[in-house]
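Engineer: Just a sequence and a predicted model for now, questions to come.
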Amino acid sequence: MARDNILLSYIVMDLLFVISGGLLIGFALITETEAKSVPTINTIARDLLLNRCPLNAAVGNAVMVFVTFLISVPAMVMPTTRGWLKFHGFMTAVCALFTMIIGLDIWFDTLKTRKNLSLVWDQQPVSSQSLLQQKLDCCGYANSTSPPFAVDTTCPNALVAAARVGCVGPFSRYANNFLDLVFTGAFGIVGIDVALVLSTTMLLKSRKEKERYRHIDEKNGAGAL
């Protein structure tokens, strides 16, 4: 019964593993689609941040997850095999490392938020800067004059703009809070990968013990289990 529970635990973690791959590729494809749409006040800040995430790496990682899941199929349907199981465990560890690198890349990005967002701001057209000002209730990047603010309903003139904060503070806080969720999600997927590696190790040990007992019974003339 214990061995059945070990196999069941392995299957459950394997299913969670492939679901995480689906989330990765869904996240990347949805982000790319939304990035091509016309920005609005509600989407401008989020889309600019998502475009800085390693989306191609996320797609590549998801593909690797799906391939690794396919490797696990013969390991599940062949109850005595250990070769496929070892290969699957190795590939799962590679996927975990890949995902961790993506998460760390996003985390390191949060350590340079103000510098990075300054470059993002400078690359935007005036219309996008205006949307950011309306979204974050601010004027200009550092302040209303550096660089000059975009004239809109939030910053209609220099007097009103001077009374408002620059966008660097609100934009940085928004970016850090948002990217914290993204890299935390990546590390959560790594946790699933690690749990699957542990389940694979337990199943390998169970099958090794079963094979050992089978050999003992064969030597004793009892036949295979």
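Structural biologist: Nice, thanks for sending it over. Just so you know, these numbers come straight off a predicted model, no measurement behind them. Numbering: from 1, shown residues only.
Engineer: Check which helix or strand residue 70 maps to.
Structural biologist: Using DSSP states H and E, residue 70 falls within helix 55-77.
Engineer: buried residues in that helix?
Structural biologist: 55, 57-62, 64-65, 68-69, 71-72, 75-76 (16 or more other CB atoms under 10 Å). C-beta coordinates here come from the backbone N, C-alpha and C atoms, glycine included.
Engineer: now do stretch 193-208
Structural biologist: Buried, per 16+ other CB under 10 Å, within stretch 193-208: 193, 195-197, 199-200, 202-204, 206-207.
Engineer: repeat for stretch 11-20
Structural biologist: Within stretch 11-20, judged by 16+ other CB under 10 Å, the buried ones are 13-14, 17-18, 20.
Engineer: Now, these that are in helices?
Structural biologist: Under the assignment DSSP state H, these contribute 13-14, 17-18, 20 to helices.
Engineer: Please identify which of these is nearest to residue 160.
Structural biologist: residue 20 (47.4 Å; CB to CB).
Engineer: And the pLDDT at the closest one?
Structural biologist: With respect to pLDDT, residue 20 has a value of 94.
Engineer: and it, what is it in contact with?
Structural biologist: Going by CB atoms under 8 Å, 6 or more residues apart in numbering, residue 20 touches 65, 189, 192-193.
Engineer: Without its sequence neighbours, what residue ends up closest to the residue nearest in space to the middle of the chain?
Structural biologist: Here the mean C-alpha position of the chain is nearest to the C-alpha of residue 186 (CA atoms, centre = their mean), at a distance of 3.4 Å. Nearest residue to residue 186, sequence neighbours excluded (CB to CB, 6 or more residues apart in numbering): residue 103, at 3.3 Å.
Engineer: again, but for residue 113
Structural biologist: In space, residue 113 is closest to residue 172, 4.8 Å off (CB to CB, 6+ apart).
Engineer: number of nearby residues for that neighbour?
Structural biologist: The number of residues packed near residue 172 is 16, by other CB atoms under 10 Å.
Engineer: tell me the angle the helix or strand hosting it makes with helix 55-77.
Structural biologist: Here residue 172 sits within helix 168-219, counting by DSSP H and E. Relative orientation of helix 168-219 and helix 55-77, computed by axes from the mean of the first three to the mean of the last three CA atoms, to 10 degrees: 20 degrees.
Engineer: For helix 168-219, what is the distance to the chain centroid?
Structural biologist: 14 Å (CA atoms, centre = their mean, to the nearest Å).
Engineer: what about stretch 30-48, how long is it end to end?
Structural biologist: Stretch 30-48 has an end-to-end distance of 14 Å (criterion: CA to CA, to the nearest Å).
Engineer: Tell me the buried residues in it?
Structural biologist: Buried, per 16+ other CB under 10 Å, within stretch 30-48: 31, 39, 43-48.
Engineer: who touches that stretch?
Structural biologist: 50-51, 53, 55, 120, 124, 128, 131-132, 134-136, 171, 174-175, 178.
Engineer: Between these, which sits nearest residue 113?
Structural biologist: Using CB to CB, residue 175 is the member of these that lies nearest residue 113, at 5.3 Å.
Engineer: Could you count how many residues lie near the closest one?
Structural biologist: Counted with other CB under 10 Å, residue 175 comes out at 22.
Engineer: mind checking pLDDT for it?
Structural biologist: 92.
Engineer: Contact partners for it?
Structural biologist: Counted by CB under 8 Å, 6+ apart, residue 175 has contacts 45, 49, 110, 113, 117.
Engineer: nearest spatial neighbour of residue 44, skipping sequence neighbours?
Structural biologist: In space, residue 44 is closest to residue 131, 4.3 Å off (CB to CB, 6+ apart).
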